[in-house]
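Engineer: all I have is the shape, not the residue letters:
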């Protein structure tokens, strides 16, 4: 049961002198109901079931669902036979009533998606990008790509003013834009730190700059955290309360940590700098300035064509995480993983299995995350863009005009890793009651 603290009021909000924010609690209760509507899918769920599963009174549920219907977020989905009395009316979520944009800024490419309330991707764009080209160039390219998704009113985008529809339909209810990129960064303030290999971004207020440029709320997080959030929302982490590490090996190496069902960022939002743990004293120089970092060792092995060695090194780092955090599973993704997913999965699993035999602990599950093998991410199929203005054609070729821009991610020949989808969840997840978005 999804239980709400406090209670007693007709609308489910707490009363008394406990300092409870009634508006916030009402919003929390609405989020609980919205989440159950989302998980019920097109078959819907009755008001009685909503009351039973949230712990709210039937009167509170009726008030909440009435507001959601007035706002266009829920509609009746027919009637369902009951064990006694008249059939129950069931309600369902209206996915197209709201949308979020997710943007993945990588060191050499940009991928953006438009997702509805279900997290289903309804439009997608991608383009090459040089993260070292400077703030103005990067901000301009982000605005171009977001505008190409059909988001209306993005300042500075030719033809965007007054545009009311995405490539395949109207964009309704833009909730915001989630942006994911390599760390380290300050998630709470949306300020970048010394992004590995791009120290010129240190101290840049990316969230505020993009909010001004796009005219929409913006949330900024590390790429690995966004991916981990998307996987957790999609049930990849073993369900509610599960703990897992998402290890992302692409142009760099990082980790997204989900502990007890929530993304763990730490008090300074810097958790997950997995690639810069030193595993070889006086090892090869890493772009971060240290020596013997696991990222440097992995990428060096990949450059030599020794994928099995790269997998073994990655497994060593994963074993450190398992020993420190006692996580349930390890999920792998990223464009480098996508080049040889089976090799990486076997190599990491072999190291973790060997550790389990030494310690007597149960083996930890290791597998490729949805989207981590380049075959697309969880959260819905990509709808073609229908010939609207786009940035980039299939395979990541930069261009403009009528190219759909849905055939590849950042010039990687079609691989997607779920980070842009996870970035959209930075905006969507709080709507449904998650506090780690």
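Structural biologist: Good, I have the coordinates. The structure displayed is predicted, hence computed values, not measured ones. Numbering: from 1, shown residues only.
Engineer: what are the boundaries of the helices in the stretch 51-200 of the chain?
Structural biologist: Here the stretch 51-200 of the chain has its helices, by DSSP state H, counting those that start in this stretch, at 58-70, 135-148.
Engineer: want to try a markdown table for those helices, with mean pLDDT, distance to residue 302 and mean neighbour count as columns?
Structural biologist: Using the backbone N, CA and C atoms, a C-beta is placed for each residue, glycine as well. As requested, the helices of the stretch 51-200 of the chain are exported to a markdown table (pLDDT from 0 to 100; distance: least, C-beta to C-beta, whole Å; neighbours: other C-beta atoms under 10 Å):
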| stretch | mean pLDDT | distance to residue 302 | mean neighbour count |
| --- | --- | --- | --- |
| helix 58-70 | 94 | 49 | 17 |
| helix 135-148 | 95 | 26 | 20 |
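Engineer: can I get those helices in CSV including distance to residue 122?
Structural biologist: Converted to CSV, these look like this (distance: least, C-beta to C-beta, whole Å):
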stretch, distance to residue 122
helix 58-70, 21
helix 135-148, 13
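Engineer: out of these, which comes closest to residue 362?
Structural biologist: Distance to residue 362, taken as C-beta to C-beta, is lowest for helix 58-70 among the helices of the stretch 51-200 of the chain, at 40.9 Å.
Engineer: how far out from the middle of the chain is the closest one?
Structural biologist: How far helix 58-70 lies from its chain's middle: 29 Å, per C-alpha atoms, centre = their mean, to the nearest Å.
Engineer: can you name every helix or strand that it contacts?
Structural biologist: Helix 58-70 makes packing contacts with helix 22-40, helix 47-54, strand 74-80, strand 88-93 when contacts are defined by 3 or more C-beta pairs under 8 Å, 6 or more residues apart in numbering; DSSP states H and E.
Engineer: for these, which has the smallest mean pLDDT value?
Structural biologist: Among those, helix 22-40 has the lowest mean pLDDT, at a mean of 81.
Engineer: and that helix, what's buried?
Structural biologist: 25-26, 28-38, 40 (16 or more other C-beta atoms under 10 Å).
Engineer: could you do stretch 289-297 as well?
Structural biologist: Those buried within stretch 289-297 under the rule 16+ other C-beta under 10 Å are 292-297.
Engineer: just name the closest of these to residue 427, please.
Structural biologist: Checking the buried residues of stretch 289-297 against residue 427 by C-beta to C-beta gives residue 295 as the nearest, at 28.9 Å.
Engineer: so the nearest residue to residue 38 once chain neighbours are set aside bridges to which residues?
Structural biologist: Nearest non-adjacent residue to residue 38, counting by C-beta to C-beta, 6 or more residues apart in numbering: residue 93, 5.1 Å away. Listed beta-bridge partners, residue 93: residue 74 (assigned using DSSP bridges).
Engineer: look up phi and psi at the closest residue to residue 228 other than its chain neighbours.
Structural biologist: Nearest residue to residue 228, sequence neighbours excluded (C-beta to C-beta, 6+ apart): residue 256, at 2.8 Å. Here is the backbone geometry of residue 256 (degrees, to the nearest 10): phi -110, psi 130.
Engineer: likewise for residue 130?
Structural biologist: According to degrees, to the nearest 10, residue 130 has phi -110, psi 110.
Engineer: from residue 271, how far off is the closest residue to it other than its chain neighbours?
Structural biologist: Among residues not flanking residue 130 along the chain, residue 108 sits closest, at 6.7 Å (C-beta to C-beta, 6+ apart). Residue 108 is 25 Å from residue 271, where distance means C-beta to C-beta, to the nearest Å.
Engineer: out of these two, which sits in the busier spot?
Structural biologist: residue 271 (21 against 15; other C-beta atoms under 10 Å).
Engineer: is it true that that one touches residue 259?
Structural biologist: No. Contact criterion C-beta atoms under 8 Å: residue 271 and residue 259 do not qualify, at 9.3 Å.
Engineer: any regions of the stretch 251-400 of the chain where pLDDT drops low?
Structural biologist: Low-confidence segments of the stretch 251-400 of the chain (pLDDT under 70): 371-400.
Engineer: still on that earlier bit, can you pick out the most distant pair from the buried residues of helix 22-40?
Structural biologist: Between any two of those (C-beta to C-beta), the greatest distance is 23.0 Å, for 25 and 40.
Engineer: which positions within stretch 304-323 qualify as buried?
Structural biologist: By neighbour count on 16+ other C-beta under 10 Å, the buried set for stretch 304-323 is 307, 309-319, 321-322.
Engineer: just how off-centre is it within its chain?
Structural biologist: For stretch 304-323, the separation from the chain centroid amounts to 25 Å (computed by C-alpha atoms, centre = their mean).
Engineer: and for that stretch, what are the contacting residues?
Structural biologist: Residues external to stretch 304-323 that are found in contact with it (C-beta atoms under 8 Å, 6 or more residues apart in numbering): 245, 247, 249, 253, 255, 274, 277, 279, 294, 297-299, 301-302, 327, 330, 332, 336, 339-340, 343-344, 346-352, 355, 364, 366.
Engineer: which among these end up buried?
Structural biologist: Among the contacts of stretch 304-323, those classed as buried by 16+ other C-beta under 10 Å are 245, 247, 249, 253, 255, 274, 277, 294, 297-299, 301-302, 327, 330, 332, 336, 339-340, 344, 347-349, 351-352, 355, 364, 366.
Engineer: out of these, which are inside strands?
Structural biologist: Of the positions in the buried ones among the contacts of stretch 304-323, 245, 247, 249, 253, 255, 330, 332, 366 sit in strands, assigned by DSSP state E.
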